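Engineer: Next comes the sequence, and after it the predicted model I'd like to discuss.
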Amino acid sequence: MRRLLLLRHAKTENDAPSGRDQDRRLDNRGRLDAAEIGGWIGRHPPFPEAVLVSSAVRANQTWEIAWEAMQDIVPPPQVEFPPDLYGADPAQLLEAVHAAVATDPKVLMLVGHNPGMHELALMLAGSGDAAGRKELGDNLPTSGLAIFDFEIDDWSDVAFRRGRLAKFVSPRLLKQTSGD
């Protein structure tokens, strides 16, 4: 079995001082939300063994803050920053998942952007948490986390509609359910 976590970056400033979209940083709410979702991940194993983070500043900041909030996960995951995750469509994101066969983690996390992350989540969900699938159908919000399980032995076998949505969480949903 393999588990895939799709985490959308946290809320950002509207414009970067440089004017480049890739340079946008997290705003105050984004920093709080990234910490909240990271804390939730840190309380709900299994934990990521490998993490692929978009090269955009906001994705990197989301990962750093979430990781700090996870606290004491041992061993720490292997983290990479592939430049092709920025602006990736679902097919490109799926290619990144397939490439995880090289390191073969049991639990893989992607930290990226909409619309690609939301579209990928919708395309992977073949079964699972009905309420989560309904929520996810509307949006993958900032700091939203979609967790999929696949009954496979190899990452190259991940395919559309073969995932079981184990859980969908967001800071808003966590507030509604008191954290867990």
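Structural biologist: Received, thanks.
Engineer: If I look at residue 17, what pLDDT would I see?
Structural biologist: With respect to pLDDT, residue 17 scores 82.
Engineer: same deal with residue 52?
Structural biologist: 97.
Engineer: Following element in sequence after the helix or strand hosting it, please.
Structural biologist: With secondary structure defined by DSSP states H and E, residue 52 is part of strand 50-53. Going down the chain from strand 50-53, the next helix or strand is helix 57-70, by DSSP H and E.
Engineer: could you give me the average pLDDT of that following helix?
Structural biologist: Model confidence over helix 57-70, given as mean pLDDT, is 97.
Engineer: For that helix, list every residue counted as buried.
Structural biologist: For helix 57-70, burial by neighbour count (16 or more other Cβ atoms under 10 Å) applies to 57, 58, 59, 60, 61, 62, 63, 65, 66, 67, 69, 70. Just so you know, the C-beta spots here come from the backbone N, C-alpha and C atoms, and that holds for glycine as well.
Engineer: swap in stretch 171-180?
Structural biologist: Buried residues in stretch 171-180, counted by 16+ other Cβ under 10 Å: 171, 173, 174.
Engineer: And for stretch 120-138?
Structural biologist: Buried residues in stretch 120-138 (16+ other Cβ under 10 Å): 120, 121, 122, 123, 124, 125, 128, 129, 132, 133, 135, 136.
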